[in-house]
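Undergrad: the sequence and its predicted three-dimensional model are supplied below.
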Amino acid sequence: MVLKESDILNRNIRKVFLFLLIIGIIIASSNSYLAVEAVNMPYEIYRTSSSEYLGSGILYENIRRFTSDGWWNINVIRVDLTDEYAEIGGLFSNKGLSNRDTVSNLVKEKQAVAGINGDFFNYNPIPHPIGTMIENGEIISSPPEKAYAPPTFYLDIDNVPDITFFDRSMQITSLNSGQSLRINFINKASYMEYVTLLNKHWGTSSFGKKYNGEPIKLDNEANGNSNGDVNEETNGNGNNGNLLNSYNNEMVEMVVIDNIVSEIRIGQDAVTIPENGFIIATRGEKAKELLTKFNVGDEVKLTLGTSPNLENIKFAISGGSIILKDGNITNTNINIAGKHPRTGIGITKDRKELIIATIDGRDSSFVGVSQEIFGAILKDLGAYDAINLDGGGSTTMVIKPVDEQVAKVINKPSDGGERRVVNGVGVFSNAPKGELSYIKITTDDTNMFANTSRKFTIKGYDQYHNPIEIDQNKVEYAFEGVEGEIVGNVFKAKSPGKAIIKANYEGITSTIELKVLDEIKSIIFPTDKLSLHANENKTIGAAYGMDKNGFKAKIYAEDIDWTTTGNIGYVENGVFYSNGNIGTGAITGRIGKALNNILVSVGSGEAKLIDGFEDINKFSSTVYPEYVKGSIELVNESKEGNKGLKLRYDFTEGEDNRAAYIIFRTGEQKGLTLDGMPNKLSLWVKGDNNKSWLRGTIIDKNGKDYTIDFAKSIDFSDWKQVSAQIPSDVAYPIALEKIYVVETNSAKKYTGEILIDGLRAHYPPSYNNVEVPTPTNFTDVKNVKKEVVSNGFSFLISKLPSFEKGQEGLKDKITNKANAHELNVFIGKANQEFNKTLKSKNIINIATPYKTNRYKNLMIIDASSAKGGIRATNYKQWIWLQNGLSNAKEDHIFLFLDTPIFGSGGFTDKLEAELLHNTLVETFEKGKTVWVIYNGNSTKVELKDGIRYIEFNNKDIENLSFIEFVVNGKDITYQVMK
C-alpha cells in the first residue's frame, strides 16, 4: 500500500480523501485520539499457532484464525526489550533511501534475523519515505511539519518504546554571513521549491538539472531592471550577484564538505553526494534565498533538532495511524478503509515487549482486515499501544530461522511477490555463543509403515537459541510403543501403532512421536515413466506407500527391493543408472506384497519434423542488450524444402553478453508446442565460423524455463546437423520458445549470419513391448457385498426420481431399489406422493441444509457448500458441524455437500478444505467411519486418510447410480450399483 505524500499536501486531492486527511491533521496537531466506539469482531471458528525462537529474546509466532469472515494469517515477532542481546533498528538499502528494495534483501544486507516493511512512501518524483526515520540520534528521513506529521514509533536510548507525533527544527547557518536557511526536508524528494538536505543516506547522487523548474519571469525584469544588475540589498554579501542575476528557476545545489561550502551548482547535472558532507538542494524563491545567504568557501553550521529530543532517540519510524492507545482502539491519521493486508507494531503496557505483526489479505483464503480490527488483533496479542505501518501490497515479514542460512518471506504478499519498499524495521540478535541448552529431534516424515525405516537428526541449541554443533555419533536413541529396532540413527518398525523415539545427548533429551501404519497396500512413485540418455543417471524421487485406510507415508529407497527388466541399467540408492544400451525396459519396486513399476526408455528413436521454416509469420526476433542489432528473414537457400531462416546479428558494440534471438509462436501462444515427450531436438545449421554459442530455450507445462545447447561453438561454415538434449526433469508437454546465438566474451566483436532449417523432435523408443509384473492397486476393503445380520440393516442413497411425463420407468427403478432397504436417503426435496409408494417409511431427504438426521447408529448431515465453501455459504454451519462431530454417539458419519472439497469445482478456500478434511480425520481417529458425498458427473470413491469422498452422479438420468450400504453394528460396507 503506497500512500503518496502529494496525496497529503496536494490541493487537488480528491475531496473525500482530503476530508479524511483534514480530520487526521486536526487530530495530529492537537495530539488527541479518536476512539473507536466498538469493533465487531467476527466469530472465531478455529485457531492454530506455532512458534520458534530467532534469537535471544526474539520469538516468532504464526497464528491462523479461521473466522466467519475468512482466514487471518497473523505473523508475529515478539521482542523482549529487557534482553541485552535483542535489538531493533532500521532497514534501508545500502545504496540509499532513494533505492527501493525488498524486505528480504534488506534483512540480508543488514544481517538481521527478522524484518518487516516500514513507512508509507511516495514513488514520485523519486521514491522516499513520507515520515520520520532516525537511527542512533541521526535523522535518516526528517519528520514532516507538525501539522502534517504522521505518528511515529520510537525507541529511546534506554530501550523504552513509545508512539507520538514528532516535530522538528532544522536549519543551516553561514558562519561567515551569520545568515540562516530553514531546511524543510532531509532525504526526501517531495517539493523541489522547498529546501532539502541530501546526505549519504539518500543515495549516490543529487537531484540535478533533471528537476529544474519551468522558467519564470525574473523579479528584476518585473521591476523594469533589464540590465541584469542586482542591488546590494538583494545580493546580501555581494559574492553571488551574477549567479542570482542569471537564475531562472533551475535546481540550485550547494555542496558542503567538512562544513565548508565547496561548490554552488545551478541547473547542472546531478553531483555525487560527499561521504563527509551533504548537499542543500532547492529551486524557485528558496534558491534565491540560498544564493543570497551562502557563498563558496563559507563555513556552515548545521542545526538539527526534534521533539522528542533527537539525542535520546535510538530508532524511530513513522506509520499511518495510532490504532491502539492505552488499550483503546483509535484512529488518528490515515485510515485506508476496507479489508487489506496490514503491518504494525504494538507495545505492551509495561513497555518491555514489542509485538511486531503482519496480517495477509487480498487472497482466496486470507481476507485481510480493517484498520480497527487490526488494532483489536494487536490488543488480543498483548499490545497496549500500537501503530500501523504501510500495508496492502507492501506488507511483508521476513525471518531467518536459526537453522537456515538465508532469510525467507514468511507471509503471503498480496502482489504475489515482494514489493520493493524504501525502508523497514529490522530485528537483530547479537548474542554470543553459549553452552548446549536443549536439543530437537527431526525426521522427514512422522508417518511410516511397519517393516520400513526412519532416519533421525539431532539439532542442538544454546541458551540464546544459537545452533550448537552436535556429534551425531554420540546420540543415544531409545523407543517405546511398538516393536522394532534402532541401529545408529535409523529406526525400523516391526509392528503398527504409536512409536515414541527418545534421543539423549550428553544428558539432554528430546522426543518425537511417529505413527506406524500397517501393511502397505500400494506403492506410489513420483512418475510412471523415465526417459534418459545412454550412460546417464536420474534420481527416482520420493516413493510413498498407502495403507488400507488411505494414509500415506514416505518410503526410503533402501527399504524397497529394486529390479530392472530390458537390460537397460540398474538402481542403486534410489538412483537409476542407464548403461550403454538403447531401448526400453522397466524398474520394479517391491516392499512386502506391494509392487509398482516405472517404464524406462534410454536413447532416442523416432524423429519428427517440427518446422521446415517456410512461413515467416511463425517467428519474430529480438536482441539483448538493446544496443545489439539483429534481424530474421526467409531466404531461398535451404537444406530441406524451399526456404531457410536467416538470422543476422551485430555484436560489435558493448561489453556485456550479447545475443540475437529467433522467437517461436503458435498464433498468440508463446512458444512452439511439441507433441508427446521428445528427449532431443535437432536442427540443420549453416554456420559462419564466428564460434558463437547456439542455444535454445524450452518451457515446460509448469512454466519453468530450461536452456538447451545445440552447439557450444559455431566453428563451421557449411551445413551441419546439431542437436540439443531435453533435460530429463522437464514436465511434459514442452514448448520451444527461442533459438539464439550468444557471445559471452566481451573482447570479441563481430557481425555474422547463420541459416537454419529442418527442426526435428526425437522421441524415445516405444514402451509397447515392455513386459512388467502386475502392480498392486489399492482396493477399498469396505467396497464389498455383505449380508445383513441380526440387528443390522441396509440403506440406499439415490437421486429423487423425476415426476415428469416419460420418466415413469426411472421412477419404478428407484422405487424397486428403495423397497429393498430399511432406510432410504434421497437427494432432493421430499415428495409425499412418492413416499407413499415405498414400503419403508424411514426416509431422509437431502435438500434443506443445515440439518442433522439420525437413524440408529448413523449421523447424516445435510450441509451446503454452494457458494464455494461451508463458511461462504453460511459460517454457522461450521459451528453446528463442530458441535455435532464432537458430541456424536453414532458410529458412522455421513456429510452431504453440493460440491467437492478438493480439486476442480471444489472449495475456493483451500485452507478451509484442508481444515474440513483434518476435522473429519480427527473424527475417524475416534473410531468412526466418515463419508463425504457430493454432487458430480460420475460416481466414484476416493479414500484419503480414512475419509471416503464419494462423487455421486445425480444429474445423468441415463446413467443413474445408486449406493447401497449394509450396516452391521460398527461394520459398514458399500457397493455402487446401476
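TA: Okay, I see it. Only a predicted model underlies this, so the values are computations on that prediction, with no experimental measurement involved.
Undergrad: next, residue 802: secondary structure please.
TA: coil (DSSP: H, G, I helix; E, B strand; the rest coil).
Undergrad: residue 813 is in contact with that one, correct?
TA: No. At 11.5 Å, residue 802 does not count as touching residue 813 under the criterion of C-beta atoms under 8 Å. All C-beta atoms are positioned from the backbone trio N, CA, C, and that covers glycine.
Undergrad: which residues touch residue 183?
TA: 142, 170, 171, 172, 195, 196, 197, 280, 304 (C-beta atoms under 8 Å, 6 or more residues apart in numbering).
Undergrad: can I get those residues in a markdown table including pLDDT and neighbour count?
TA: Below are the contacts of residue 183 laid out as a markdown table (pLDDT from 0 to 100; neighbours: other C-beta atoms under 10 Å):
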| residue | pLDDT | neighbour count |
| --- | --- | --- |
| 142 | 98 | 24 |
| 170 | 98 | 20 |
| 171 | 98 | 14 |
| 172 | 99 | 26 |
| 195 | 98 | 25 |
| 196 | 98 | 26 |
| 197 | 99 | 24 |
| 280 | 99 | 25 |
| 304 | 98 | 17 |
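Undergrad: quick one: the helices in this protein?
TA: 5-9, 15-29, 103-110, 219-222, 232-235, 241-246, 285-293, 371-380, 808-818, 832-836, 870-873, 876-886, 910-924 (DSSP state H).
Undergrad: could you tell me the least trusted of the ones you listed?
TA: Least confident of the helices of the chain, judged by mean pLDDT, is helix 232-235 with a mean of 32.
Undergrad: for residue 227, give me the pLDDT.
TA: In this prediction, residue 227 has a pLDDT value of 31.
Undergrad: one more: residue 33?
TA: 64.
Undergrad: and for residue 766?
TA: At residue 766, pLDDT is 82.
Undergrad: what's the burial count for it?
TA: 12 (other C-beta atoms under 10 Å).
Undergrad: likewise for residue 812?
TA: 12.
Undergrad: relative to residue 959, how far out is it?
TA: Distance, residue 812 to residue 959, using C-beta to C-beta, to the nearest Å: 17 Å.
Undergrad: looks like residue 900 contacts residue 916 (just checking).
TA: No. Contact status for residue 900 versus residue 916: not in contact, 11.2 Å apart, counting by C-beta under 8 Å.
Undergrad: which one of those two has more residues nearby?
TA: Remark: of residue 900 and residue 916, residue 916 carries more neighbours, 25 against 19, as counted by other C-beta under 10 Å.
Undergrad: which residue packs closest to that one, ignoring adjacent ones?
TA: Spatially, and ignoring its direct neighbours in sequence, residue 916 is nearest to residue 901 (5.9 Å; C-beta to C-beta, 6 or more residues apart in numbering).
Undergrad: try residue 264
TA: residue 254 (5.0 Å).
Undergrad: the one you found: neighbour count?
TA: Neighbours of residue 254 using other C-beta under 10 Å come to 27.
Undergrad: that one pairs with what?
TA: residue 264, residue 280 (DSSP bridges).
Undergrad: ok, it - contacts?
TA: Residue 254 sits in contact with 261, 263, 264, 265, 279, 280, 281, 290, 294, where contact means C-beta under 8 Å, 6+ apart.
Undergrad: what subset of those is buried?
TA: Buried subset of the contacts of residue 254 (neighbour count, 16 or more other C-beta atoms under 10 Å): 261, 264, 265, 279, 280, 281, 290, 294.
Undergrad: what's near enough to touch the second one?
TA: With contact set as C-beta under 8 Å, 6+ apart, residue 264 has these partners: 240, 243, 252, 253, 254, 255, 290, 291, 294, 295, 296.
Undergrad: for the residues you listed, which one is nearest residue 851?
TA: Proximity of these to residue 851 (C-beta to C-beta) peaks at residue 253, which lies at 76.2 Å.
Undergrad: the closest one reaches residue 262, doesn't it?
TA: No. Counting by C-beta under 8 Å, residue 253 does not reach residue 262; the two are 11.3 Å apart.
Undergrad: of these two, which one has the most company?
TA: residue 253 (29 against 14).
Undergrad: look up how far residue 273 lies from that one.
TA: 10 Å.
Undergrad: who touches both of these two?
TA: 206, 279.
Undergrad: domains in the protein, by residue range?
TA: Split into domains by automatic domain parsing, the chain comes to 39-166+310-429, 167-223+234-307, 436-517, 522-602, 607-762, 793-977.
Undergrad: measure stretch 834-844 end to end?
TA: 13 Å (C-alpha to C-alpha, to the nearest Å).
Undergrad: and it, what's buried?
TA: Neighbour-count burial for stretch 834-844 [16+ other C-beta under 10 Å]: 834, 838, 840, 843, 844.
Undergrad: now do that stretch: everything it contacts.
TA: By C-beta under 8 Å, 6+ apart, stretch 834-844 touches 800-801, 803, 811, 815, 818-819, 821-826, 830, 853, 855, 860.
Undergrad: surely residue 931 and residue 950 touch.
TA: Yes. Residue 931 is within contact range of residue 950, at 6.4 Å (criterion: C-beta under 8 Å).
Undergrad: before we move on, back to that, and which of the contacts of residue 183 is nearest to residue 652?
TA: Nearest member of the contacts of residue 183 to residue 652, counting by C-beta to C-beta, is residue 196, at 43.5 Å.
Undergrad: just give the nearest non-adjacent residue to that closest one, would you?
TA: residue 185 (4.4 Å).
Undergrad: burial of residue 45, as a residue count?
TA: 22.
Undergrad: contacting residues around it?
TA: Per C-beta under 8 Å, 6+ apart, neighbours of residue 45: 66, 67, 68, 871, 875, 878, 879, 882.
Undergrad: check residue 601 too.
TA: 529, 530, 531, 532, 583, 584, 679, 764, 765, 767.
Undergrad: and which of the residues you listed is nearest residue 668?
TA: residue 679 (28.3 Å).
Undergrad: my understanding was that that closest one contacts residue 725; is that so?
TA: Yes. With contacts counted by C-beta under 8 Å, residue 679 reaches residue 725, the gap being 6.9 Å.
Undergrad: between these two, point out the one with more neighbours.
TA: Neighbours were counted for residue 679 and for residue 725 using other C-beta under 10 Å; residue 679 has more, 22 against 15.
Undergrad: quick one: that one from residue 358, how far?
TA: Taking C-beta to C-beta, one finds residue 679 at 46 Å from residue 358.
Undergrad: now residue 678
TA: 46 Å.
Undergrad: can you check the pLDDT for residue 807?
TA: 65.
Undergrad: if you could redo that for residue 337, that was the one I meant.
TA: 91.
Undergrad: do the same with the one 3 residues further on
TA: pLDDT recorded at residue 340 is 98.
Undergrad: got it, and residue 931?
TA: So residue 931 comes in at 99 (pLDDT).
Undergrad: how many residues are close by it?
TA: Residue 931: 24 neighbours (other C-beta under 10 Å).
Undergrad: returning to that earlier point: which single one of the buried residues of stretch 834-844 is nearest to residue 385?
TA: Once C-beta to C-beta is applied, the member of the buried residues of stretch 834-844 that ends up nearest residue 385 is residue 844, at 55.8 Å.
Undergrad: backbone dihedrals for residue 202, both of them.
TA: Per-residue torsions, residue 202: phi -80, psi -50 (degrees, to the nearest 10).
Undergrad: check contacts around it.
TA: So residue 202 contacts 96, 97, 98, 187, 273 (C-beta under 8 Å, 6+ apart).
Undergrad: also residue 301?
TA: 172, 173, 175, 259.
Undergrad: by neighbour count, which of these wins?
TA: residue 172 leads these on contacts (other C-beta under 10 Å) with 26 neighbours.
Undergrad: for the residue nearest the centre of the chain, which non-adjacent residue is closest in space?
TA: Centroid check for the chain by C-alpha atoms, centre = their mean gives residue 412 as the closest residue, at 4.7 Å. Excluding its sequence neighbours, the residue lying closest to residue 412 (C-beta to C-beta, 6+ apart) is residue 360, at 4.8 Å.
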